[in-house]
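Colleague: need a 3D model of the sequence below.
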Amino acid sequence: MLALGIDIGSSTTKVVLVEIDGGHLCEVASSASVTPGDVPGLVDVIARRCRQLVGPGITVAAVGVASMAETGAAIGADGEALTDLLRWDAGLGAEDAAAMADLAPAVFARSGVRLSAKTPLTTWRWLARERPEVWARMACWLSVADVVAHALTGERVTDHTLAGRTGGYRLAAPGEPPTSVFDGELLALAGLEPTRLPRVAGPYESAGRVTAAAAARTGLTEGVPVVVAGHDHQVASWAAGMREPGDVADSLGTAEAVLSVVGERPVLEDVRRQGMSLVRSVGGVHDALLAGTSSAGAMLQHWLSTIPEDHREDVLTRAASSLAEAPGPTGAAVEPYLRGRQTPRPDPHARPGNPPAHWSWEEQARAVVEGICYQARWMIESQGDPRRVAVIGGGRLPELWTALKRASLPWPISLVRAGEPVATGAALLALVRSGHLGDPAVAIRTAPTLDVVPQPMPVGDPHGRSYAAFLARIGA
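Modeller: Numbers count the residues shown, from 1 in each chain. Model (predicted):
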């Protein structure tokens, strides 16, 4: 059985053809492009990538779309985009987030979302103030995954994991399922009516089916079910099998996100003060804590930019080899804060450190990546005591990074080796929600997982003292 998965990331858009044979899941083929900044460009890129993968004789059973969160566009009554993609990293809502600071605790208590420059609730206020002509014509706001689903099906539908990142969607009470509509009281803070937002599909629902027009553009078969899989980090976490309380997904890339599934709801104000968010996980049953840092892979690239480009790959390779020979910590883990620290102890003034200048490049690389790993360990510890951790990053991560993850995290960990974990997870979730893998309510808990490889536990906690010194140095 074949399915197509789409992952619209901050930098790159990936489309993957996935096959499930019995309980085995594998990526058959994939294609990637730079993520366009406008809706027509994005729709065109995805149509071309679909045609590339879905050739004659290839029929997919379902299509899943996942994406970055807090990014979307204003859509007119005729279905045409009125804006480019208004991205999470554009900072459009900074002024409004500051103006709403007194409301932040109440908004968090209702939505689980921290008000910030990237929150769509503040972006909507910016749009109404700065572009009133667009605001007046906007029939609907769609998150970026919803934009693609709309192009494929003609339906205006989102997923609860994306709705839950907007600041305009109520976090369901413990034991309640996610609601199908946005929250009128929260939306009123931006002067927005619920009718101008999409329907929120339930955890076991599809968004719609491929239209004849979309089939002609993409090569997909008319009538194939399309699923808004949801927030990229959440989708990859679920696909890696992190679905029950005590499960933690550490999703690596330019930024890093830690998602911990929890059994009991924590005190919301404590979560907010720690700089984290509370979300409902993909299955719609369990809450999850979401912590993030924008300076993970970005911090490594920042340091790599200080050495000649033609040496960078070799330096990382040699650093990984030196770690195998001498696995202990350097004792000089570098603070990884290019743009302040979001969590666990928010500090917008935190700054990046530097490795000792007299060290070799290989030693400096190890110290930089140690700091990145220690920051992630701190985020995980702040969310509770995990029973297991899945490290998700695909095959593009330097071996130095994954090796230090194995050495520095004192819990059972697994590495997810799938090349495109988000897109593959979106394809798998599409098969689940469209009923191709049996009862969706059962399959969402038991579906196959990505290429997850358990790693041996280090003896003792070799990085424990170095990690404690790192925390002391940053004032944790």
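Colleague: helix or strand next in line after the longest helix anywhere in the chain, which one?
Modeller: For the chain, the longest helix by residue count, based on DSSP state H, is helix 361-382. The first helix or strand that comes after helix 361-382 along the chain, using DSSP states H and E, is strand 388-392.
Colleague: that next one - what's its average pLDDT?
Modeller: Strand 388-392 carries an average pLDDT of 96.
Colleague: compute the inter-axis angle for it and helix 361-382.
Modeller: 130 degrees (axes from the mean of the first three to the mean of the last three CA atoms, to 10 degrees).
Colleague: ok, strand 388-392: who's next to it in the sheet?
Modeller: strand 247-251 (parallel), strand 413-416 (parallel) (DSSP bridges).
Colleague: could you dump the ones you listed into JSON lines and include distance to Met299, mean pLDDT and mean neighbour count?
Modeller: Any C-beta I mention is one placed from the backbone N, CA and C, and that applies to glycine too. Putting these into JSON lines (distance: least, CB to CB, whole Å; pLDDT from 0 to 100; neighbours: other CB atoms under 10 Å) gives the following:
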{"stretch": "strand 247-251", "distance to Met299": "15", "mean pLDDT": "96", "mean neighbour count": "27"}
{"stretch": "strand 413-416", "distance to Met299": "21", "mean pLDDT": "94", "mean neighbour count": "22"}
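Colleague: need those in TSV with distance to Ala257, can you?
Modeller: Compiled in TSV, the strands paired with strand 388-392 are given as follows (distance: least, CB to CB, whole Å):
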stretch	distance to Ala257
strand 247-251	5
strand 413-416	14
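Colleague: quick revisit: how far does the longest helix of the chain sit from the chain's center?
Modeller: How far helix 361-382 lies from its chain's middle: 20 Å, per CA atoms, centre = their mean, to the nearest Å.
Colleague: could you do stretch 109-128 as well?
Modeller: For stretch 109-128, the separation from the chain centroid amounts to 18 Å (computed by CA atoms, centre = their mean).
Colleague: hey, C-alpha coordinates of it in PDB?
Modeller: C-alpha atoms of stretch 109-128 as PDB (Å, rounded to 0.1, in the frame of the first residue of the first chain):
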ATOM      1  CA  ALA A 109      -4.700  29.300  30.700                       C
ATOM      2  CA  ARG A 110      -7.200  29.000  27.900                       C
ATOM      3  CA  SER A 111      -5.000  27.900  24.900                       C
ATOM      4  CA  GLY A 112      -1.800  26.500  26.400                       C
ATOM      5  CA  VAL A 113       0.100  28.900  24.000                       C
ATOM      6  CA  ARG A 114       2.500  31.700  25.000                       C
ATOM      7  CA  LEU A 115       1.900  35.000  23.300                       C
ATOM      8  CA  SER A 116       4.900  36.000  21.300                       C
ATOM      9  CA  ALA A 117       5.900  37.700  18.000                       C
ATOM     10  CA  LYS A 118       5.200  34.400  16.100                       C
ATOM     11  CA  THR A 119       1.800  33.600  17.600                       C
ATOM     12  CA  PRO A 120      -0.900  33.900  14.900                       C
ATOM     13  CA  LEU A 121      -3.200  35.600  17.400                       C
ATOM     14  CA  THR A 122      -0.800  38.500  17.400                       C
ATOM     15  CA  THR A 123      -0.100  38.300  13.700                       C
ATOM     16  CA  TRP A 124      -3.800  38.700  13.000                       C
ATOM     17  CA  ARG A 125      -3.900  41.900  15.100                       C
ATOM     18  CA  TRP A 126      -0.900  43.100  13.000                       C
ATOM     19  CA  LEU A 127      -2.700  42.300   9.800                       C
ATOM     20  CA  ALA A 128      -5.800  44.100  10.800                       C
END
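Colleague: quick one: residues contacting Gly425.
Modeller: Gly425 makes contacts with 5, 64, 66, 229, 235-236, 238-240, 450, as judged by CB atoms under 8 Å, 6 or more residues apart in numbering.
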